[in-house]
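Enquirer: Here is my input, please return the structure:
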Amino acid sequence: MLNSLYYLEALLDAEDDAITIVDSNMEVVFWNDAAVQTYNIDRSAIIHKPINEFFHNDDLMVFKVLDTRQSVKNAYHRPRKDKHVVVNAVPIMDHEGQLIGALSVERDITQIVKLNDNLETTSAELDELRQKVYTNTDETPFSKLVGNSLPLNQTVRIARKAAKSDATTLILGESGTGKEVCARAIHETSDRSTGPFIPVNCGAIPSALFESELFGYEGGSFTGAERKGKAGKIEMADGGTLFLDEVGELPLEMQVKLLRVLQENSVYRIGDSKGKTINVRFIAATNQNLEQLMEEKRFRSDLFYRLNVIQLTMPPLRDRIDDINELSEMFLKQFASKYQVPIPEIESDAFNMLLQYNWPGNIRELRNLMERIIILTEEAKITKDDLLSYLPSTSSIWKNSETEESNTIPQEKKNLEIQLIEKTLQETNGNKSDAAKRLGISRVTLYNKMKKYGI
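Expert: Presented below is the predicted three-dimensional model:
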């Protein structure tokens, strides 16, 4: 019998779980090696001592078992602030059913709990980081219009207002300034964002195909027509936005038909006399001078006034040089990632060359230049000479530094004038007559300045 007790004690000591046995007087009669490791209490210090000298009554499950005579199964417990355990505890009865003690088996899960806490913290940090990334890069569709220069901010402010309405919008600006990006941002910010955005490049459609492309056709309308007919771009944009890029290229006969669509909110396919009611928001864009085209009888004035409900101008890159650094860095990172190469550093004198260049191709040209640098450069740094080899040498597209320095005062004057006009309009709640009086200029002059500055 004595040997059996030794075997039992060795078995219990071999357990990885902390095993505690107390008698009915709560004195510890067994305390295995795992209990020593778990609670950092030597066996000699605790054996035959009341367990409540080491733990409070609610710190160990054996107290509960002795009190209730009920077993505890797989219960989570914190016997100490720094310990997490899963407990199985049972009362010990003699042959006559008398309570003589309690046994507790406690599995230490402290490390598991800490790992789980760390995982939750890391997950929360990751979610927060994702949110920050989303907030910083994709907070709104207008974030795609990269830059913080005053001319761009003025345009974005008008575009945001345009997005809150269904008003037909005309976007002016040179080629490569981001007119389509702006149009998409207006659409994606509007109530039509779930509807289609249909872009049409009016300069890329052959004259003979304009009508079928824009208006569609009924089956059998002409030789080669599809049997079931085909919807045109206008009809495809129903419920969304139609973007007419390079609208100045529209043939005069198409201008008449487009005007009818704008007036009646209905579209007629080729071969259809009934028409179909549509719900389309129109955004047009051009790099041409529509007023000059009207004088030359190449663009209808009635269509211009239909399209020109809200007008905004995408500023050329040479007027927003404050944005060149941010745009350059963005394009370099994009193309370095695409071609799996390190990002080269543009030296300060080379970067100054970017500021002196007139950028006739605007943002599109800057983007192409950054891609050219990523593909062709073999050095870690881009020097002024490197940059000159990538850019045209025509003197007319380079700014004169002396002229630029002398133009800083007129530019500052322009900025102050814009701020003064905007502030006065706010103070007069948009009353232009009152604003003109306060500014000491005629109402016509105020209108001209507002148009010039895009206010």
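Enquirer: what comes into contact with stretch 256-275?
Expert: By CB atoms under 8 Å, 6 or more residues apart in numbering, the surrounding residues in contact with stretch 256-275 are 168, 211-212, 214-222, 229, 231-232, 234-235, 250, 276-280, 282, 300, 302-303, 306-307. In this view, the C-beta of every residue, glycine as well, is placed from N, C-alpha and C.
Enquirer: Tell me the helix or strand right after the helix or strand of the chain with the lowest mean pLDDT.
Expert: Taking mean pLDDT, DSSP states H and E as the measure, the chain has helix 401-406 as its least confident helix or strand, at a mean of 42. Helices and strands here follow DSSP states H and E; after helix 401-406, the next one along the chain is helix 408-427.
Enquirer: Now do the buried residues in that following helix.
Expert: Residues of helix 408-427 classed as buried: 418, 421-422, 424-425 (neighbour count, 16 or more other CB atoms under 10 Å).
Enquirer: Now do that helix: which elements does it pack against?
Expert: helix 150-163, helix 432-439, helix 443-453 (3 or more CB pairs under 8 Å, 6 or more residues apart in numbering; DSSP states H and E).
Enquirer: That helix to helix 443-453, inter-axis angle?
Expert: Interaxial angle, helix 408-427 versus helix 443-453 (axes from the mean of the first three to the mean of the last three CA atoms, to 10 degrees): 120 degrees.
Enquirer: Not including adjacent chain positions, what is the nearest residue to Ser433?
Expert: Closest residue in space to Ser433, ignoring its immediate chain neighbours: Arg443 at 5.6 Å, by CB to CB, 6 or more residues apart in numbering.
Enquirer: The one you found - how many residues pack around it?
Expert: Counted with other CB atoms under 10 Å, the neighbours of Arg443 add up to 13.
Enquirer: just checking, it touches Ala436?
Expert: Yes - contact criterion CB atoms under 8 Å: Arg443 and Ala436 qualify, at 4.5 Å.
Enquirer: picking that back up, quick one, which of the helices and strands packed on helix 408-427 is packed in tightest?
Expert: Comparing the helices and strands packed on helix 408-427 by mean neighbour count (mean count of other CB atoms under 10 Å), helix 150-163 comes out on top with a mean of 19.
Enquirer: In a strand, Gln311, correct?
Expert: Yes - counting by DSSP: H, G, I helix; E, B strand; the rest coil, Gln311 is found in a strand.
Enquirer: what's the nearest residue to it if we skip its chain neighbours?
Expert: That would be Leu170: by CB to CB, 6+ apart, it lies 4.8 Å from Gln311.
Enquirer: which SS state does the one you found fall under?
Expert: Here Leu170 takes the strand state, with states given by three-state DSSP.
Enquirer: What's the separation between it and Gln154?
Expert: 16 Å (CB to CB, to the nearest Å).
Enquirer: What of Gly239?
Expert: The gap separating Gly239 from Gln154 is 31 Å, by CB to CB.
Enquirer: Phe210 too?
Expert: Distance from Phe210 to Gln154, by CB to CB: 34 Å.
Enquirer: List the contacts of Met61.
Expert: If you count contacts by CB under 8 Å, 6+ apart, Met61 has them with 72, 75, 77, 87, 89, 104, 106.
Enquirer: quick one: contacts for the fourth one?
Expert: With contacts defined as CB under 8 Å, 6+ apart, the neighbours of Val87 are 61, 72, 74-77, 104-107.
Enquirer: again, but for the second one
Expert: Taking CB under 8 Å, 6+ apart, we find Ala75 in contact with 61, 86-89.
Enquirer: Sitting in helices, which of these do you find?
Expert: Per DSSP state H, helices hold the following members of these: Met61.
Enquirer: Just the buried ones from the contacts of stretch 256-275?
Expert: 168, 211-212, 214-218, 221, 229, 232, 234-235, 250, 278, 280, 282, 300, 303, 306-307.
Enquirer: coming back round to it: and the pLDDT for the residue nearest to Ser433?
Expert: Note for Arg443: predicted pLDDT of 71.
Enquirer: Now do the closest residue to Pro196 other than its chain neighbours against Lys233, distance only.
Expert: Excluding the flanking residues, the one nearest Pro196 by CB to CB, 6+ apart is Gly240, at 3.9 Å. Per CB to CB, Gly240 is found 11 Å from Lys233.
Enquirer: still on that earlier bit, which ones among the contacts of Met61 map onto helices?
Expert: Assignment to helices by DSSP H places none of those there.
Enquirer: Give me the lowest-pLDDT entry from those residues.
Expert: For the contacts of Met61, the pLDDT minimum is His77, 72.
Enquirer: ok, that one touching Val85?
Expert: Yes - with contacts counted by CB under 8 Å, His77 reaches Val85, the gap being 5.4 Å.
Enquirer: joint contacts of those two?
Expert: Listed contacts common to His77 and Val85 are Glu106; contacts here mean CB under 8 Å, 6+ apart.
Enquirer: Mind checking which of these two has more residues around it?
Expert: Val85 (24 against 18).
Enquirer: Give me the nearest residue to the more buried one, chain neighbours excluded.
Expert: Glu106 (4.2 Å).
Enquirer: Can you report how many residues lie near the one you found?
Expert: For Glu106, using other CB under 10 Å, the count is 26.
Enquirer: likewise the one 5 residues further on?
Expert: Gln111 is flanked by 9 other residues according to other CB under 10 Å.
Enquirer: Backbone dihedrals for it, please?
Expert: Backbone torsions for Gln111, taken as degrees, to the nearest 10, come to phi -70, psi -40.
Enquirer: start at 549 instead
Expert: Happy to do that; since the first residue is 549 now, the last one works out to Gln659.
Enquirer: Tell me how far it lies from Asp565.
Expert: Relative to Asp565, Gln659 is positioned 14 Å away (CB to CB).
Enquirer: and if you look at Asp934?
Expert: Asp934 sits 69 Å away from Asp565, going by CB to CB.
Enquirer: if I pick Glu839, what's in contact with it?
Expert: By CB under 8 Å, 6+ apart, Glu839 lies in contact with Phe852.
Enquirer: which of the residues in whichever helix or strand it is part of are buried?
Expert: Following DSSP H and E, the helix or strand that holds Glu839 is helix 838-843. Neighbour-count burial for helix 838-843 flags 838, 841-842 (criterion: 16+ other CB under 10 Å).
Enquirer: just how off-centre is it within its chain?
Expert: Distance of helix 838-843 from the chain centroid (CA atoms, centre = their mean, to the nearest Å) equals 39 Å.
Enquirer: Could you do stretch 867-883 as well?
Expert: 18 Å.
Enquirer: for the stretch 799-948 of the chain, which spans come out with low pLDDT?
Expert: Applying pLDDT under 70 to the stretch 799-948 of the chain picks out residues 941-948.
Enquirer: returning to that earlier point: just the contacts of Ala623: which are in strands?
Expert: Counted as lying in strands by DSSP state E, out of those, are 634-637.
Enquirer: Nearest to Leu875 among the residues you listed?
Expert: Using CB to CB, Val634 is the member of the ones in strands among the contacts of Ala623 that sits closest to Leu875, with 58.0 Å.
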